[in-house]
Structure formats: C-alpha cells, structure tokens
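**Q** Make a model of this:
(one chain, ligands or ions: 1)
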Amino acid sequence: MGRVRAQKKALALQLSRAGFPAAREEIRDMFGAAWGDPAILHCWASRRRDGEPLEWLIGFTVFMGHRVCVDRGVYVPRPQTELIARRAIEALPAGGAAADLCTGSGAIAVALRNGRPDARVVATDVDPNACRCAAKNDVEVYQGHLAEPLPAELIGQIDVVVAVVPYVPTDQIVFLPRDVRNYEPRAAFDGGVNGIALLEQAVSASTRLLHSGGSLLLELGGSQDEQLAPALQAAGFDVVERLVDDEGDLRGLHARIASSNLPR
Ligand SMILES: C[S@@+](CC[C@H](N)C(=O)[O-])C[C@H]1O[C@@H](n2cnc3c(N)ncnc32)[C@H](O)[C@@H]1O
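**A** Okay, here's the model as predicted:
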C-alpha cells in the first residue's frame with residue numbers, strides 16, 4: 001500500500017474509533033481540500049477528532065448541490081434547512097425579489113440565486129464575520145438586525161422572506177451535540193426562552209418587506225408553530241403549510257401574507 005493511502009486509512013480508523021460514522025468520507029474530503037499535503041491532513045484530522053466542524057477545516061460545504069464557503073466561526077448550514085430553501089425557491093417568481101434574514105454563510109441566498117437566476121436576492125446578518133463569509137459567496141448582504149439594514153426601496157416589494165433565526169430554546173441547548181455547543185457560535189442558535197422571540201420579530205419585520213400575497217418561510221421545531229400562531233395571525237399571515245421531515249418532525253412553516261395589520 002502507498003504511503004498516502006496508508007496515512008488516509010490510519011486517520012480514518014482513528015476518526016472512526018473516536019465516534020465519527022462517516023470517517024472515510026471526511027478524510028477523503030480533507031485530503032482533497034488539503035491538496036494531498038500529509039502535514040495539513042494530519043493537523044485537520046486531529047482538530048476534527050477534538051470536534052471542530054469539518055466545514056471549518058476544509059472551508060466549504062455543499063448545500064442543495066452548491067459549493068458554499070463556510071468560514072471558521074460561522075454557523076454551518078444544515079441539510080434539514082434545504083427543505084425551507086427548496087420551498088422558498090418554489091415560491092419565488094422569475095424576476096422576483098427575496099430576502100434571506102439571518103443568512104450566516106449565505107447558503108440559502110446562494111440556493112435562491114441559483115434556483116431563480118433572474119431574481120434579486122438580498123440577505124442580512126448581525127454578525128460581521130457571517131456577512132464577510134456571505135459576501136465571499138457573492139451574496140448581496142447587509143449587516144444588522146433582521147430586515148433593518150435592507151435598502152428602503154425594498155419595502156413592500158419582496159416576494160419571499162426566508163429566515164432561519166436562532167430558535168433553539170435556551171433550556172434545550174444542553175441537548176445539542178457537544179461539538180455544536182463547544183464550537184459553533186451560541187448567538188447563531190440560542191433563541192432564548194421558548195426560542196420564539198426572534199421568530200416573532202421576523203414575522204413582524206416581514207410584514208414591512210412583503211407585498212400582499214408574498215411568502216414567509218421560517219425554520220422552527222417542536223410546537224413553535226402553535227406558539228407563533230398569534231403573532232402570525234395578528235400580522236395578517238395565513239399558514240399555507242407546516243413543513244415536516246421524513247420522520248414527521250416539524251422543520252418549518254410556510255405562511256402567506258394577505259394583508260398587514262401592522263403599520264408599514
Ligand atoms: C441558525 S443560523 C442560520 C444561518 C443560515 N441561514 C443557515 O441556515 O445556514 C442564525 C444566524 O442568525 C444570525 N443572527 C442572530 N441574531 C440575528 C439578528 N438579530 N439579526 C440578524 N441576524 C442574526 C447569526 O449570526 C447566525 O448567522
């Protein structure tokens with residue numbers, strides 16, 4: 001066996017013994033991103049064993065088939081979010097406009113842009129590190145709270161708002177995988193008590209952005225759809241569909257605004 005193959009096999013075995021089920025695939029991805037440099041590969045494998053996200057080491061992930069740069073310190077896009085992104089693309093007409101609030105690396109915005117090349121896609125994030133990363137992914141990104149930093153010309157002009165806000169209830173964070181808790185930025189997932197404060201704010205922010213008939217796609221879980229129902233109703237939204245995964249777990253909500261009860 002060649003030296004390189006032997007090193008890859010040994011590192012994959014170490015990762016596998018450390019509890020990483022996709023160890024071989026991860027070492028293969030690291031090997032490619034490290035241009036086959038054995039010293040880099042060795043260093044990354046050791047950091048991965050400590051729990052650092054693979055995407056931070058190799059610098060990217062693949063989201064809905066698109067390569068998306070993910071800088072260290074930026075939330076790693078999750079496969080379950082593809083459900084929301086797919087629905088957002090379906091709801092976005094050609095030549096329309098979409099806003100991705102809390103964009104992180106910009107993965108959803110990248111998917112929207114690729115799914116509807118004629119549309120204008122804008123994004124926001126409060127974290128400057130995330131905004132830099134989204135900009136590297138060619139996303140038109142604005143730094144600030146929810147919809148606040150978006151250009152005024154977009155008010156009432158947006159067809160689709162998508163938002164993956166931090167929505168994990170603070171008392172549930174202890175149940176997240178240890179590596180997520182140790183490495184990923186807490187501000188990216190800690191949603192406070194019940195996890196719905198920012199979801200409610202995203203609903204209210206969307207009423208300013210969307211024209212009537214526009215769609216709001218939110219990622220959420222548990223019984224947060226019920227907790228959010230009063231805010232949606234008060235803002236003039238009808239729930240089109242609860243989005244569930246293959247296990248039947250709630251992953252998101254598609255709502256459509258008929259009219260806004262809030263001042264624009
Ligand atoms: C769960 S991550 C989602 C990132 C991305 N949409 C994705 O699915 O990969 C939440 C993101 O919201 C950002 N964020 C937190 N509070 C925010 C706020 N008040 N306004 C805008 N962005 C915020 C965080 O910096 C983080 O990047």
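**Q** Can you verify Ala111 is assigned to a helix?
**A** Yes. With the criterion set as DSSP: H, G, I helix; E, B strand; the rest coil, the secondary structure at Ala111 is a helix.
**Q** Tell me who's in contact with it.
**A** In this structure, Ala111 makes contact with 63-64, 66, 82, 85-86, 88-89, judged by CB atoms under 8 Å, 6 or more residues apart in numbering. Every C-beta, even on glycine, is put in place using the N, C-alpha and C of the backbone.
**Q** ok, now Val76?
**A** 53, 55-56, 61, 70, 105, 184.
**Q** same question for stretch 165-178, mean pLDDT?
**A** pLDDT averaged over stretch 165-178 equals 95, rounded to a whole number.
**Q** Is that stretch in proximity to the ligand?
**A** Yes. Looking at stretch 165-178 against the ligand by CB under 6 Å from any ligand atom, the contacts come from 165-166.
**Q** distance between the ends of that stretch?
**A** Stretch 165-178 stretches 21 Å from its first residue to its last (CA to CA, to the nearest Å).
**Q** what does stretch 237-257 give?
**A** Between the opening and closing residues of stretch 237-257 lies a distance of 4 Å (CA to CA).
**Q** how far out from the middle of the chain is that stretch?
**A** Its chain's C-alpha centre lies 16 Å from the corresponding centre of stretch 237-257 when counted by CA atoms, centre = their mean, to the nearest Å.
**Q** How about residues contacting that stretch?
**A** For stretch 237-257, with CB under 8 Å, 6+ apart as the criterion, the contacting residues are 80, 83-84, 87, 91, 203, 206-207, 210, 212-225, 228-229, 232, 235-236, 258.
**Q** Ala94 reaches Asp159, doesn't it?
**A** No. Using CB atoms under 8 Å, Ala94 makes no contact with Asp159, being 10.3 Å away.
**Q** For the contacts of stretch 237-257, which PyMOL command selects only the ones that are buried?
**A** The buried residues among the contacts of stretch 237-257 can be selected in PyMOL (16 or more other CB atoms under 10 Å) with this line:
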select buried, resi 83+84+87+91+203+206+207+210+214+215+216+217+218+219+220+221+222+224+225+228+232+235+236
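**Q** Which ones among the contacts of stretch 237-257 map onto helices?
**A** Cross-referencing these against helices under DSSP state H gives 83-84, 87, 91, 203, 206-207, 224-225, 228-229, 232.
**Q** could you dump those to JSON lines with distance to the ligand and pLDDT?
**A** Shown next, in JSON lines, are the ones in helices among the contacts of stretch 237-257 (distance: CB to the nearest ligand atom, whole Å; pLDDT from 0 to 100):
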{"residue": "Leu83", "distance to the ligand": "11", "pLDDT": "96"}
{"residue": "Ile84", "distance to the ligand": "8", "pLDDT": "97"}
{"residue": "Arg87", "distance to the ligand": "14", "pLDDT": "97"}
{"residue": "Ala91", "distance to the ligand": "17", "pLDDT": "97"}
{"residue": "Val203", "distance to the ligand": "14", "pLDDT": "98"}
{"residue": "Ser206", "distance to the ligand": "13", "pLDDT": "97"}
{"residue": "Thr207", "distance to the ligand": "16", "pLDDT": "96"}
{"residue": "Gln224", "distance to the ligand": "14", "pLDDT": "97"}
{"residue": "Asp225", "distance to the ligand": "18", "pLDDT": "96"}
{"residue": "Leu228", "distance to the ligand": "16", "pLDDT": "97"}
{"residue": "Ala229", "distance to the ligand": "22", "pLDDT": "96"}
{"residue": "Leu232", "distance to the ligand": "19", "pLDDT": "97"}
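**Q** Which helix or strand lies directly C-terminal to the helix or strand containing Gln14?
**A** Gln14 belongs to helix 3-17 when assigned by DSSP states H and E. Note on helix 3-17: by DSSP H and E, the next helix or strand toward the C-terminus is helix 23-33.
**Q** Write out the residues of the stretch 51-200 of the chain neighbouring the ligand.
**A** Taking CB under 6 Å from any ligand atom as the contact definition, the stretch 51-200 of the chain meets the ligand at 75, 77, 81, 102-105, 107-108, 124-127, 130, 145-146, 164-166, 187-189.
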